[in-house]
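Q: got a predicted structure here, sequence first:
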Amino acid sequence: MKIFSKKSITIYTIIILILSMLIFEIGYCNSQIITTSGAEYNFSLCRIIIYIVFIALYCIFHKKFVETALQTTENKIKRIFIYLVTALGIIATCVLLIYSTYIETKLLRAGAIAEILCLLSTLFIIYVSNDFSKNIIITACTFGIIFTFTTNFNHAVDEKKHFMSALNVSFLNFDYLENPITDKKIEELPQLSKFTTIDEFLKNDYEPEVTNEVDKEDTPSTPANYNVITYIFPALGIAIARILNGSIIDMYILGRIMNLVLYTVLVYIAFKILPFKKNIFYVLAFMPYMLLLASSYSVDGLCLGTIYIFTAYCFKLFKECETITLKQFLIFLALFLIMLIGKGTGYMLLAILVFLLPLSKTIKKNKKYLPQIITAVIIFVIIATAFIIYLKNTKINSDGDSRGQGTINAVEQLNMVLTHPIYDVKIALEHIKRTLLNFNWLAELYQGTFFDGNEHSGNVFLVMMLFVLFVALTEDDINFKIKQKIVLLLAFFLVFAMTSAILYLTFTPVGNLYIAGFQPRYLFPILPLLLSCISGDYLKTKENKNRTLNIAICSGVFLGIGLIQVIIG
């Protein structure tokens, strides 16, 4: 039998999947039975069913993935990585087996995750190809899945608030902002719980202790102020785990997996629509920090996914249409409204991308319908405004965001902005200096820098961003003209300004000369606009049939490094 054939790859994959599940079940969920004499086994019907579902899904869809994988097995770089990662996996397995009975539980669990990383990295390298759609699914099913049980539970990006919202929705309590419920046992899971400290929450003695006695003064334990729609997928995961009598960690992980599924579906749809610049969108969508957020309860994954779909459709109309039909315009409006579900107010100025479309030709062709078009636009603006207000539930609160520190009053802050224009300029310049022109701030686009402040993370980020810039510079399947680049840059900077202004009003102490709480992750959805402007006719690259494959492998390397830092962090 050939080393690389349909049969050999299928058999190898099933073995790796089963081995990974066994290591997760014993080394992660039941490490105490190896390290502690007389410890009880944490049996979970929920996990068993999920394992069966994963194997069944692979058996159903594997043929298309195997065929694509075989087409790229002749690539030397890919072969080297396959052999290298396989060797590491074998070595890691041997080490884990030899030392499993001599180390404590938390080290065994870390070793189990490292072993799973080696095994699933092998599958990633085998299946990654020049097909973007398949690469999206493969990346999510390997590195994304590992993030769901490796990242700190209740991590620093308000994950507990998002989890509480999803928990409420899982109990069909949609009025969680005014009348939230909580579960006393789940509340016991501390903030920033690393996988080494979750033994008590892996036990299957969980019985719901639901109550409406929520301490609203404990901000991290109150639901996040986002629309119910954003939590349907993770809530479904929590509900399924609860019905199947899963542990608290089972519920937490399955909810994360469902949020990852949502992110994968949205990015998959975006790439089916996107006509060009796909490598730029791919490397940003699967940067370690972005995938970590998508693999948790954060709404950032939904936000980026819906914005990518909207942007992709704008690019599609730009490339393919000389004029815009009524149907296309209605789809454009619908996608814009869907985009607002996530973090609508901050990103609504992406509507400026409409100026990429052939508006003048469309108007000339439909002069007799101009009054109706103007009326439709006015109605749309009214509907969009009402929709945003509905999604935000309430207008700007004069008390600002409860997570902010210091004297926060949105009304006073707004009055300050409107009456002191010179003061506004100083704030803007200081903000740009602290953010876009600050390497240390930009380095927080990498999760190792944001979460752990790891001294080596800045170096990893620098290499990663040089790689992203290289991809953007050489992604010349289309080069925008000056006018089009102006539209893209305007969209980027207007969204940057809008999100900054919102945080200044609702999160920053009155009168401060800086904007508090503005994080680099807010740039993920709009970075493709900026990076799409870099390439030009001044630089032409040689055509490489394996360009997409090579870029995906490099992205996988950074994801692997990111996961290693999470494990040892």
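A: Noted; the coordinates are in hand.
Q: tell me where the stretch 451-569 of the chain is predicted with low confidence.
A: Flagging of the stretch 451-569 of the chain using pLDDT under 70 yields the residue ranges 451-455, 540.
Q: residue ranges with poor pLDDT in this structure?
A: Ranges of the chain meeting pLDDT under 70: 1-3, 96-105, 344, 360, 363-407, 449-455, 540.
Q: next, the contact list for the residue nearest the centre of it, please.
A: Geometric centre of the chain, nearest residue: residue 294, 2.9 Å, by C-alpha atoms, centre = their mean. Neighbouring residues of residue 294 by C-beta atoms under 8 Å, 6 or more residues apart in numbering: 144, 259, 260, 263, 264, 300, 301, 304. In this view, the C-beta of every residue, glycine as well, is placed from N, C-alpha and C.
Q: now with 10 Å?
A: 140, 144, 147-148, 256, 259-264, 266-267, 285-286, 300-305, 524 (C-beta atoms under 10 Å, 6 or more residues apart in numbering).
Q: which residues touch the closest residue in space to it that isn't next to it in sequence?
A: Excluding its sequence neighbours, the residue lying closest to residue 294 (C-beta to C-beta, 6 or more residues apart in numbering) is residue 301, at 3.4 Å. Residues in contact with residue 301 (C-beta under 10 Å, 6+ apart) are 144, 230, 233-234, 259-264, 266-267, 285, 290-295, 342, 524.
Q: again with residue 258
A: Residue 258 touches 148, 166, 231-241, 297, counting by C-beta under 10 Å, 6+ apart.
Q: can you check residue 41 too?
A: 25, 26, 29, 30, 32, 33, 204.
Q: just flag the most distant two among the residues you listed.
A: For the contacts of residue 41, with distances taken as C-beta to C-beta, the pair at the greatest spread is 26 and 204 (15.2 Å).
Q: can you list the contacts of residue 258 in JSON lines and add secondary structure, distance to residue 79 and neighbour count?
A: Listed next are the contacts of residue 258 as JSON lines, based on DSSP: H, G, I helix; E, B strand; the rest coil; distance: C-beta to C-beta, whole Å; neighbours: other C-beta atoms under 10 Å:
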{"residue": "148", "secondary structure": "helix", "distance to residue 79": "30", "neighbour count": "21"}
{"residue": "166", "secondary structure": "helix", "distance to residue 79": "42", "neighbour count": "30"}
{"residue": "231", "secondary structure": "helix", "distance to residue 79": "43", "neighbour count": "30"}
{"residue": "232", "secondary structure": "helix", "distance to residue 79": "42", "neighbour count": "16"}
{"residue": "233", "secondary structure": "helix", "distance to residue 79": "37", "neighbour count": "21"}
{"residue": "234", "secondary structure": "helix", "distance to residue 79": "39", "neighbour count": "33"}
{"residue": "235", "secondary structure": "helix", "distance to residue 79": "43", "neighbour count": "24"}
{"residue": "236", "secondary structure": "helix", "distance to residue 79": "40", "neighbour count": "19"}
{"residue": "237", "secondary structure": "helix", "distance to residue 79": "37", "neighbour count": "28"}
{"residue": "238", "secondary structure": "helix", "distance to residue 79": "42", "neighbour count": "27"}
{"residue": "239", "secondary structure": "helix", "distance to residue 79": "44", "neighbour count": "20"}
{"residue": "240", "secondary structure": "helix", "distance to residue 79": "40", "neighbour count": "19"}
{"residue": "241", "secondary structure": "helix", "distance to residue 79": "40", "neighbour count": "28"}
{"residue": "297", "secondary structure": "coil", "distance to residue 79": "39", "neighbour count": "32"}
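Q: closest one to residue 555 out of the residues you listed, please.
A: Distances from residue 555 to the contacts of residue 258, taken by C-beta to C-beta, are shortest for residue 148, at 18.6 Å.
Q: list the contacts for the closest residue to the closest one other than its chain neighbours?
A: Take residue 148 and drop its neighbours on the chain: the residue closest to it by C-beta to C-beta, 6+ apart is residue 256, 4.1 Å away. By C-beta under 10 Å, 6+ apart, the contact list for residue 256 reads 144-145, 147-149, 151, 153, 159, 163, 166, 234, 237-238, 294-298.
Q: where's residue 256, which helix or strand?
A: Applying DSSP states H and E as the criterion places residue 256 in helix 248-273.
Q: buried residues, that helix. List them.
A: 248-264, 266-271, 273 (16 or more other C-beta atoms under 10 Å).
Q: so how far is that helix from its chain's centroid?
A: 9 Å (C-alpha atoms, centre = their mean, to the nearest Å).
Q: figure out how far the helix or strand following it is from the centre of its chain.
A: With elements assigned by DSSP H and E, the helix or strand that comes after helix 248-273 is helix 278-285. Relative to its chain's centre, helix 278-285 lies at 13 Å (C-alpha atoms, centre = their mean).
Q: give me the angle between helix 278-285 and helix 248-273.
A: 160 degrees (axes from the mean of the first three to the mean of the last three C-alpha atoms, to 10 degrees).
Q: hmm, residue 236 is touching residue 255, no?
A: Yes - between residue 236 and residue 255 there is a contact under C-beta atoms under 10 Å: 8.2 Å.
Q: was I right to think residue 347 contacts residue 498?
A: Yes - between residue 347 and residue 498 a contact is recorded at 7.6 Å, counting by C-beta under 10 Å.
Q: those two: who's more crowded?
A: residue 347 (25 against 16; other C-beta atoms under 10 Å).
Q: who touches both of residue 236 and residue 255?
A: In contact with both residue 236 and residue 255: 166, 170, using C-beta under 10 Å, 6+ apart.
Q: ok so, going back, how much space separates the residue nearest to residue 148 from residue 151?
A: To residue 151, residue 256 is 8 Å away according to C-beta to C-beta, to the nearest Å.
Q: domain parsing for this protein?
A: 1-298, 321-395, 398-536 (automatic domain parsing).
Q: tell me how far the first one lies from the chain's centre.
A: Read it as domain 1-298. 13 Å.
Q: the stretch 1-150 of the chain: helices as residue ranges?
A: 6-23, 32-35, 45-71, 76-99, 105-127, 132-139, 145-150 (DSSP state H, counting those that start in this stretch).
Q: which of the ones you listed sits closest to residue 471?
A: Comparing the helices of the stretch 1-150 of the chain under C-beta to C-beta, the one sitting nearest is helix 132-139, at 13.2 Å.
Q: which parts of the closest one are buried?
A: Result for helix 132-139 [16+ other C-beta under 10 Å]: buried residues 132, 134, 135, 136, 137, 138, 139.
Q: ok, now stretch 184-197?
A: Quick answer for stretch 184-197 (16+ other C-beta under 10 Å): 185, 186, 187, 189, 193, 194, 195.
Q: before we move on, what about stretch 295-306?
A: 295, 296, 297, 298, 299, 300, 301, 302, 303, 304, 305, 306.
Q: out of those residues, which one sits closest to residue 561?
A: residue 295 (16.2 Å).
Q: leaving out the residues flanking it, which one is nearest to the closest one?
A: residue 147 (3.7 Å).
Q: how much space between the one you found and residue 483?
A: Taken as C-beta to C-beta, the span from residue 147 to residue 483 is 40 Å.
Q: same check on residue 534?
A: Distance from residue 534 to residue 483, by C-beta to C-beta: 17 Å.
Q: ok, residue 39 next?
A: 68 Å.
Q: which of the two has more neighbours?
A: A direct count of neighbours by other C-beta under 10 Å for residue 39 and residue 483 places residue 39 higher, at 14 against 9.
Q: is it true that residue 66 touches residue 123?
A: No - look at residue 66 against residue 123 with C-beta under 10 Å: they stay out of range, at 11.4 Å.
Q: which one's more surrounded, the two?
A: residue 123 (23 against 19).
Q: the more buried one against residue 54, yeah?
A: No - look at residue 123 against residue 54 with C-beta under 10 Å: they stay out of range, at 11.9 Å.
Q: between those two, which contacts overlap?
A: Shared contacts of residue 123 and residue 54, counting by C-beta under 10 Å, 6+ apart, come down to 17, 20, 141.
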